[in-house]
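> coords below, sequence missing:
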């Protein structure tokens with residue numbers, strides 16, 4: 001028990017009282033201070049799983065979008081595209097009993113993310129067959145879009161017509177190849193002579209020593 005009446009033990013009593021107050025404050029702090037909430041391992045695992053699933057879903061959407069674009073666009077360069085387009089057109093012309101009169105390409109148009117290659121050609125045949133040909137030409141499988149159709153009939157006595165048709169093929173821009181890394185190619189730095197000696201000149205201190 002702390003005796004405050006005894007003056008000889010007053011200093012000791014004060015120290016003991018201070019220590020007691022400190023212990024009480026520390027105990028109260030431990031009782032009333034909220035404990036830190038540690039993340040639950042199961043919650044973290046669920047978050048990681050959701051992130052992985054989201055990444056896989058985005059990757060799958062990207063692959064699907066690429067496949068859709070590939071089904072609507074043409075590969076290769078614009079210069080090599082003419083024979084492929086002509087083959088598709090000629091196959092439909094034969095199936096619809098028409099005659100190809102002329103076929104030529106126009107200047108490609110470069111858009112920010114797409115290249116348009118236009119073609120113009122003419123066919124001769126019946127009016128019904130010409131309309132059926134144009135209808136089949138616009139189907140998604142041909143990867144061609146009809147943007148011009150002019151039909152003329154020189155002889156009113158029959159249904160023979162000449163149809164001038166404009167179509168467009170679409171190409172995605174070619175992704176440029178990455179530039180080669182010179183540091184990884186193992187190339188050694190050039191050692192060509194620059195007209196100066198590669199051997200260092202003697203310093204002024206050495207020259208002064210020689211004259212001394």
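Nice, thanks for sending it over. Just so it is clear, the structure is predicted and the values come from calculations on it, not from any experiment.
> Using the record's domain definitions, break this protein down for me.
Here the domain parsing of the chain from automatic domain parsing is 41-72, 78-171.
> So for the first one, mean pLDDT?
Over the span of domain 41-72, the pLDDT mean works out to 77.
> same check, this time on stretch 83-101
pLDDT averaged over stretch 83-101 gives 94.
> What of stretch 146-153?
92.
> same thing with stretch 170-183?
The model assigns stretch 170-183 a mean pLDDT of 62.
> Same check on stretch 104-120?
In the prediction, stretch 104-120 has an average pLDDT of 88.
> For this protein, just list every one of the helices.
10-32, 41-72, 78-95, 127-137, 204-211 (DSSP state H).
> what would the domains of the chain look like in TSV with distance to residue 26 and mean neighbour count?
For the C-beta atoms, the positions are set from N, CA and C on the backbone; glycine is no exception. TSV is the format used below for these (distance: least, Cβ to Cβ, whole Å; neighbours: other Cβ atoms under 10 Å):
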stretch	distance to residue 26	mean neighbour count
domain 41-72	31	10
domain 78-171	67	15
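> can you put those domains in TSV and add distance to residue 19?
Shown next, in TSV, are the domains of the chain (distance: least, Cβ to Cβ, whole Å):
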stretch	distance to residue 19
domain 41-72	41
domain 78-171	77
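> between these, which gets nearest to residue 27?
domain 41-72 (31.5 Å; Cβ to Cβ).
> Surely residue 153 and residue 124 touch.
No - Residue 153 is not in contact with residue 124 according to Cβ atoms under 8 Å; the separation is 10.9 Å.
> Need the residues touching each of these two.
Taking Cβ atoms under 8 Å, 6 or more residues apart in numbering as the criterion, residue 153 and residue 124 both touch 160, 161, 162.
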